[in-house]
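> sharing a sequence plus its predicted fold:
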Amino acid sequence: MSAAATPSGTPAKGFQEPGWFTRNVFNRAVQGLTALGISVQGSRVLEVKGRKSGQWRSTPVNLLEVDGSRYLVAPRGNTQWVRNMRVAGGGRLRLGRKTEDFKAAEVPPESSIPLLRAYLKKWKWEVGVFFGGVGPDSTDAELLAIAPDHPVFKLS
């Protein structure tokens, strides 16, 4: 499996596969609550067309809002949804019966530092383990070092 390139052209690492509990209990619980219209700290169900199949794929995500703009951060790295998003250029967000189409542009790693910091400030309790000890109080240099491994997309 080869790594995908980031917007800056540097190779990015793969992704951290979710464990059994995350896949079968946590993600399903969050997805179920979100389907009922209950957002768990900003959760949504992300739907993106598969880059090979063209079929809609879904996964729970945390929607980050910073200064009036909205972002998706990939805490597990270059996941399937990230690869699909790069090809599709957008997707849909669901909360209950409400579905919102969006376009997405990948944020270059050097511009994602404040976004990663905000994401970790809000969700480190949930996703901190995937950031190798880097947290919201880490230096800009530490955040920049892990940025290529955690793609960020700006939604419009």
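Thanks, I have it.
> drop to CA atoms for contacts and neighbour counts, all remaining ones
OK.
> got the buried residues for stretch 92-107?
By neighbour count on 16 or more other CA atoms under 10 Å, the buried set for stretch 92-107 is 92-96, 104-107.
> er, stretch 44-60 actually
For stretch 44-60, by 16+ other CA under 10 Å, it's 44-51, 57-60.
> list just the nearest of those to Ala118.
Ala118 lies nearest to Arg44 out of these, by CA to CA, at 17.6 Å.
> so who does that closest one touch?
By CA atoms under 8 Å, 6 or more residues apart in numbering, the residues touching Arg44 are 31, 34, 60-63, 93-95.
> next step: these restricted to helices.
31, 34 (DSSP state H).
> which of the contacts of Arg44 sit farthest apart?
Farthest pair in the contacts of Arg44 (CA to CA) is Gln31 and Leu63. Separation: 13.5 Å.
> who's more crowded, those two?
Higher neighbour count among Gln31 and Leu63: Gln31, with 26 against 19, using other CA atoms under 10 Å.
> roughly how far apart are the more buried one and Arg44?
8 Å (CA to CA, to the nearest Å).
> tell me, what's touching these two both at once?
Pro60.
> before we move on, the earlier item: same list (the contacts of Arg44) but as a markdown table, adding distance to Gly77.
Converted to a markdown table, those look like this (distance: CA to CA, whole Å):
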| residue | distance to Gly77 |
| --- | --- |
| Gln31 | 20 |
| Thr34 | 23 |
| Pro60 | 15 |
| Val61 | 13 |
| Asn62 | 14 |
| Leu63 | 16 |
| Leu93 | 20 |
| Arg94 | 22 |
| Leu95 | 24 |
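> among the contacts of Arg44, name the ones in strands.
Using DSSP state E, the subset of these located in strands is 60-63, 93-95.
> can you redo these as TSV with pLDDT and distance to His150?
Below are these laid out as TSV (pLDDT from 0 to 100; distance: CA to CA, whole Å):
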residue	pLDDT	distance to His150
Pro60	90	16
Val61	94	13
Asn62	95	13
Leu63	97	14
Leu93	97	20
Arg94	94	22
Leu95	93	24
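> look up phi and psi at Gly50.
Backbone torsions of Gly50, given as degrees, to the nearest 10, read phi -60, psi 140.
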